[in-house]
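Enquirer: Provide a 3D model corresponding to the input given below.
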Amino acid sequence: MGSRYVLWSWILKPVFKAKYPEIEESHGSDALMWGRRAGLIKALTTDVEDFYNQCDPDKENLCLYGFPSEQWEVNLPAEEVPPELPEPVLGINFARDSMPEKDWLSLVVVHSDSWLLAIAYYFGARFGFDNLTGDAFSV
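Expert: Predicted coordinates for the structure are as follows:
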């Protein structure tokens, strides 16, 4: 297990849920992002063959979306401007055939991780987590 996972699962997640139960109730796994993360992991591991085939380089700019329901989708970006949530990286399909498959998948993983961080910062800004006091994270 990575240190980020241990920090989140053992220390921050219980404090977050205790301090902000209304966010857990109203947004559920969307606020905590575990469903989105699980969907991305599923696309990049167990469903990797299907994911690879959906990323056709001849199609327009495609994005990999992870959903709170632990599902994933390769699709065009949202047409609404500005989008409700931060958008994942655009055009993951273009480099698919120009590099080895493992390298391309690693690139998609890095972009997916960045997208999850962007969503975390979005929720932090939206719900005012910048105003936390030091005692919120004391164990």
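
Enquirer: going forward, measure contacts between C-alpha atoms and count neighbours the same way
Expert: Noted.

Enquirer: so where do the strands sit in this protein?
Expert: Assigned by DSSP state E, the strands in the chain fall at 63-66, 72-75.

Enquirer: Give me whichever of the ones you listed is most buried.
Expert: When you average the neighbours per residue for each of the strands of the chain (mean count of other CA atoms under 10 Å), strand 63-66 leads with a mean of 25.

Enquirer: Can you give the contact residues for that one?
Expert: For strand 63-66, contacts defined as CA atoms under 8 Å, 6 or more residues apart in numbering pick out 35-40, 72-77, 88-92, 112.

Enquirer: Just the buried ones out of those residues, please.
Expert: Buried members of these, scored by 16 or more other CA atoms under 10 Å, are 35-40, 72-75, 77, 88-92, 112.

Enquirer: Return the subset of those lying in helices.
Expert: Taking DSSP state H, the ones among the buried ones among the contacts of strand 63-66 that sit in helices are 35-40, 112.

Enquirer: pLDDT below threshold where in the protein?
Expert: Low-confidence segments of the chain (pLDDT under 70): 1-32, 128-139.
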